[in-house]
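J.: Here's my sequence, what's the structure:
(chains A and B)
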Amino acid sequence: NAGVMQNPRHLVRRRGQEARLRCSPMKGHSHVYWYRQLPEEGLKFMVYLQKENIIDESGMPKERFSAEFPKEGPSILRIQQVVRGDSAAYFCASSQRLDRLTQETQYFGPGTRLLVL
Amino acid sequence: SQKIEQNSEALNIQEGKTATLTCNYTNYSPAYLQWYRQDPGRGPVFLLLIRENEKEKRKERLKVTFDTTLKQSLFHITASQPADSATYLCALDGQAGSYQLTFGKGTKLSVIP
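T.: Residues are numbered from 1 along each chain as shown, chains lettered A, B, ... in the order given. Take a look at the predicted model:
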């Protein structure tokens, strides 16, 4: 079974450009989570999606950031007009979520390292 | 808001000894707590999950305890090996109605041969 896949692994953008990060969950998983890890910081939750639905985006910056998980294809995290402070590692995780008490473990991808010049 | 702290940023230990990492949390009563391992340049890898009604859980050389009174979890690696060197992350489930994981900053473990 392939694990969570993310691409690209490394992405370099200049200030003002757009960054698109892709995540394919593990086979059979329909729940996707995005996290950001800044240098010397812990992983911070950004958004939780199911197919075609955003369930919780409480960790997502209000501007420039958006996420989707279409019926077909990978989940996309999109950052418009990137700034240097967006430089970080972005991790996607997936799970077979049932309910809060039977939460399946989140399995993480290798991450995309975004560098904004 | 909930807060999670891991006792130290770095821990050095001699090969063969038991490594003990601490995770403390405040302002919350989690339904479960998880431990992950993260190697440089890689994503976190799940190790163990322990639920609020469980005191202890084991997996091979790993042992996790969960004390909901002290609001603390201990993570033990027995007979440590240099290959155990990595950053270990503690994570709590989200508050009621939330599905996110809240992570500590991690403890970087170095096992010295």
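J.: backbone phi and psi for B:Asn7, please?
T.: Backbone torsions for B:Asn7, taken as degrees, to the nearest 10, come to phi -60, psi -40.
J.: do A:Gly85 as well
T.: Here is the backbone geometry of A:Gly85 (degrees, to the nearest 10): phi -70, psi -10.
J.: Would you mind naming what in chain A lies close to chain B?
T.: A:4, A:31, A:33, A:35, A:40-45, A:48, A:55-56, A:58-59, A:91, A:93, A:97, A:100-101, A:103, A:105-111, A:113 (Cβ under 8 Å from any Cβ of the partner chain). Every C-beta, even on glycine, is put in place using the N, C-alpha and C of the backbone.
J.: ok, 6 Å please
T.: Within reach of chain B by Cβ under 6 Å from any Cβ of the partner chain, chain A has these residues: A:42-43, A:45, A:48, A:91, A:101, A:105, A:108-111.
J.: next one: the lowest-mean-pLDDT helix or strand in chain B to chain centre, how far?
T.: Every helix and strand in chain B was compared by mean pLDDT, DSSP states H and E; the lowest is strand B:3-6, with a mean of 87. Its chain's C-alpha centre and that of strand B:3-6 lie 10 Å apart, by Cα atoms, centre = their mean, to the nearest Å.
J.: Ok, stretch A:5-18 next?
T.: That offset, for stretch A:5-18, works out to 12 Å (Cα atoms, centre = their mean).
J.: how about the strands of chain A, start to end?
T.: Remark: strands assigned in chain A by DSSP state E are A:5-7, A:10-13, A:19-24, A:31-37, A:43-50, A:53-56, A:65-68, A:75-79, A:88-95, A:107-108, A:112-116.
J.: Out of the ones you listed, which is closest to B:Arg37?
T.: Relative to B:Arg37, the nearest member of the strands of chain A by Cβ to Cβ is strand A:107-108, separated by 10.6 Å.
J.: Identify the residues contacting that closest one?
T.: Strand A:107-108 has contacts (Cβ atoms under 6 Å, 6 or more residues apart in numbering or on different chains) with A:4, A:26, A:91, A:93-94, B:43-44.
J.: let's see 10 Å
T.: The contact list for strand A:107-108 (Cβ atoms under 10 Å, 6 or more residues apart in numbering or on different chains) reads A:3-4, A:6, A:25-26, A:29, A:33, A:35, A:43, A:91-96, B:36, B:38, B:42-46.
J.: That one pairs with which strands?
T.: Strand pairing for strand A:107-108, determined by DSSP bridges: strand A:88-95 (antiparallel).
J.: would you put the C-alpha positions of the partner strand in PDB?
T.: Extracted as PDB, the C-alpha positions of strand A:88-95 are listed here (Å, rounded to 0.1, in the frame of the first residue of the first chain):
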ATOM      1  CA  ALA A  88       8.000  26.300   5.800                       C
ATOM      2  CA  ALA A  89       7.400  22.600   5.500                       C
ATOM      3  CA  TYR A  90       3.800  21.700   4.700                       C
ATOM      4  CA  PHE A  91       2.600  18.300   5.700                       C
ATOM      5  CA  CYS A  92      -0.500  16.500   4.600                       C
ATOM      6  CA  ALA A  93      -2.000  13.600   6.700                       C
ATOM      7  CA  SER A  94      -4.800  11.300   6.000                       C
ATOM      8  CA  SER A  95      -7.000   9.000   8.100                       C
END
